[in-house]
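Visitor: model the structure of this input:
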Amino acid sequence: MSVSDLSFFLSTAHECSYLPNREAASLVADPTVKLDTANYSELIQLGFRRSGGMAYRPHCGACQSCVAIRIPVSQFNPSRGQKRIWKKNNDLEFTSLPLAFHEEHYQLYQRYQSARHSGGSMDIDDREKYSSFFTANLLETRLLEFRHAGELLCVAVIDWLPAGLSSMYTFFDPEQKNRGLGVYAILWQIMKAQEIGLPHVYLGYWIKECDKMSYKTRYRPYELFLRQQWQQGIG
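Guide: Numbering: from 1, shown residues only. Coordinates of the predicted model:
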């Protein structure tokens, strides 16, 4: 089914997860229509993201702080700091796995949430919620493992789409601060998209006022979805 045939619904207002004293709402694609590679590839080009099998886009009335961001990989120019992080992690081995539950991954995810997002909505010991967050059965979702001497340091959850690679979520060993593993995982995806001829890496939403979401403009050049179209980012 094409996106033009989908119905869309507005969620009820709820407390914003990113900015204090604000309410959030989302435009949600018809949840009775299963996400697949074709329709999600269309939706992501319209600023949507997914949580499990649900595609959504922020629709918060007066607030426009959440902006979809993507990297045009053929133009990507790494900074000196990003080059250093890439070199620093050359000792890592990576493996690409199909989406499935792995207890080792879950334990790393729990440590990451406790250290980086303590008290947040995802800092909950719930294996079913963890699995459902990543799973959309008709998508090609891969788990990218990064290991050093056999030790699991980082997992990146990536959707492979005709529109590009969608960086859904990354979690890593919070004790490995000097490696810059979150940066390295994004750089890996940019390099992989270049290698296989995909045009973009989608990084979700950039929120200038939120420290945890503002880093995404450090990958340059970048494009922002503004006024229903992708525009070159400034700065």
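Visitor: from L92, how far out is the residue sitting furthest away from the middle of the chain?
Guide: Relative to the C-alpha centroid of the chain, counting by CA atoms, centre = their mean, A149 is the outermost residue, at 26.8 Å. Look at A149 and L92: by CB to CB, to the nearest Å, they are 10 Å apart. Using the backbone N, CA and C atoms, a C-beta is placed for each residue, glycine as well.
Visitor: M191 now?
Guide: 13 Å.
Visitor: same thing with Y106?
Guide: Counting by CB to CB, the gap from Y106 to L92 is 20 Å.
Visitor: how about S17, secondary structure?
Guide: coil (DSSP: H, G, I helix; E, B strand; the rest coil).
Visitor: again with the one 4 residues further on
Guide: Recorded secondary structure, N21: coil (three-state DSSP).
Visitor: and it, what pLDDT?
Guide: N21 is assigned 92 on the pLDDT scale.
Visitor: try S74
Guide: Looking at S74, its pLDDT is 97.
Visitor: centre-most residue in this protein?
Guide: M168 (3.0 Å).
Visitor: which ones are touching that residue?
Guide: R50, F134, T141, V157, I158, D159, G204 (CB atoms under 8 Å, 6 or more residues apart in numbering).
Visitor: ok, so of those, who is nearest A62?
Guide: A62 lies nearest to G204 out of the contacts of M168, by CB to CB, at 21.8 Å.
Visitor: you'd agree the closest one is in a strand?
Guide: Yes: G204: assigned to a strand according to three-state DSSP.
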